[in-house]
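Participant: would you be able to build a 3D model of this:
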Amino acid sequence: MGHKRKVLFICTHNSARSQMAEGLLRAAYADRYDAYSAGTQPTAVSPYAIRVMAEIGVDISHERSKSVDEFRGLEFDHVITLCDQARESCPVFLAGKQQLHQSFEDPAIVQGTEDQLLAAFRRSRDDIRQWIAQTFAP
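Facilitator: As a prediction, this is how the structure comes out:
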């Protein structure tokens, strides 16, 4: 298989779940996949997402939140929505050969102490990591 498959992860703000999914896929399977992420209402990459990814050796600190509009017209092998809101507001991405949906809890809505916030981001990271291993492993 000569070419890498292109994967676009979409969530609402492109601040946590889609950023983590992009970083995790790139770290695990960069030899087979080109990973991208975007949001339907992009904001900024969460410092908590950056921090919990760094804990497992994946650097997403250089990433920025991107709009799905930046990717319109590009062709992807897989377009994956990671939250129900993104699925509803972006149900069909015209250039996606395969549309997938896998909803993950939004760690950014958790309220509490810093330890509670980090725990929520770690849970999301680990859930996404496990799903990527099951979905994209050879």
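Participant: list the contacts of the longest helix along the chain.
Facilitator: Ranked by residue count under DSSP state H, the longest helix found in the chain is helix 114-136. Contact partners of helix 114-136, identified using Cβ atoms under 8 Å, 6 or more residues apart in numbering, comprise 7, 16-17, 20-21, 24-25, 28-29, 32-33, 46, 48-49, 51-53, 55-56, 82, 100, 102, 104-107, 110, 112. C-beta: built from backbone N, CA, C; applies to glycine.
Participant: what about these, which are in strands?
Facilitator: With DSSP state E as the criterion, strands contain 7, 33, 100 from among the contacts of helix 114-136.
Participant: can you select the buried ones from these in PyMOL?
Facilitator: Only the buried entries of the ones in strands among the contacts of helix 114-136 go into this PyMOL selection, using 16 or more other Cβ atoms under 10 Å:
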select buried, resi 7+33
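Participant: low pLDDT regions in the chain?
Facilitator: Within the chain, the set of residues satisfying pLDDT under 70 comprises 1-2, 84-96.
Participant: how many other residues sit next to the closest residue to G57 other than its chain neighbours?
Facilitator: Nearest residue to G57, sequence neighbours excluded (Cβ to Cβ, 6 or more residues apart in numbering): A27, at 7.5 Å. The criterion is other Cβ atoms under 10 Å. On that basis, A27 has 17 neighbouring residues.
Participant: quick check: A27 touching I60?
Facilitator: No. The pair A27 / I60 is not scored as a contact, 9.5 Å apart, by Cβ atoms under 8 Å.
Participant: for the residue nearest the centre of the chain, list the residues it contacts.
Facilitator: Geometric centre of the chain, nearest residue: S18, 1.8 Å, by Cα atoms, centre = their mean. Taking Cβ under 8 Å, 6+ apart, we find S18 in contact with 9-11, 37-39, 82.
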